[in-house]
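Visitor: Give me a 3D structure for the following:
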Amino acid sequence: MSMMWYKLEWLVYKAFALDPARIYINILGKYPRGRVKPEDRETVIDEHESSFKSLEIDARKVINRIYRKEEVYDGSFLSQAPDLVLVPSRAFKLKADLNAKELCGRGIFTGKHTQQDAFLMTNDPSQDIIPDKPCISDVVVYNG
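Guide: Predicted structure coming up:
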């Protein structure tokens, strides 16, 4: 891909991904080559949600769940969060590969972590140390 192609194409993008599952709406005034007017943000989010929901490979849905930023983030840095977070179906792992020649395939790594198989291990299960609404900032680093 030539740099000229990149510069020309960037001007037409309504959204971009910095990580394969985190989608940012290319807001005018927020990003250097922003294209979407702030008042059109919701419409563009709806369009992208619809596209991702309909994405199928071999008659299987690729995306299991789509979260809007307000559903999963809060606080003073909410404006920096991705507008959409995509959760793939169990059979799929979202990855970025700018050199890919096809939409899906097998890479050298085949495993993945999922929401369903994540776990927390403690050394004393009798202690009630897990908050009602756990947050990543609740994690204590063990230096033992």
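Visitor: Quick one: residues contacting the closest residue to residue 12 other than its chain neighbours.
Guide: Leaving aside its sequence neighbours, residue 12 sits nearest to residue 35 (C-beta to C-beta, 6 or more residues apart in numbering; 7.2 Å). (Each C-beta comes from the backbone N, C-alpha and C, glycine too.) Counting by C-beta atoms under 8 Å, 6 or more residues apart in numbering, residue 35 makes contact with 11-14, 26, 28.
Visitor: Pick out the most distant pair among the residues you listed.
Guide: Distances among the contacts of residue 35 were taken as C-beta to C-beta; the most separated pair is 12 and 28, at 13.3 Å.
Visitor: Looking at these two, which is more packed in?
Guide: residue 28 (13 against 9; other C-beta atoms under 10 Å).
Visitor: What distance do you get for that one to residue 75?
Guide: 25 Å (C-beta to C-beta, to the nearest Å).
Visitor: and what of residue 57?
Guide: 36 Å.
Visitor: same question, residue 52
Guide: Residue 52 is 25 Å from residue 75, by C-beta to C-beta.
Visitor: in stretch 91-102, what counts as buried?
Guide: 92-93 (16 or more other C-beta atoms under 10 Å).
Visitor: Put together CSV for the contacts of residue 35, with secondary structure, distance to residue 70 and pLDDT on each row.
Guide: As requested, those are exported to CSV (DSSP: H, G, I helix; E, B strand; the rest coil; distance: C-beta to C-beta, whole Å; pLDDT from 0 to 100):
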residue, secondary structure, distance to residue 70, pLDDT
11, coil, 28, 58
12, coil, 27, 71
13, coil, 23, 85
14, coil, 19, 93
26, coil, 19, 95
28, strand, 21, 95
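Visitor: Understood, closing this out.
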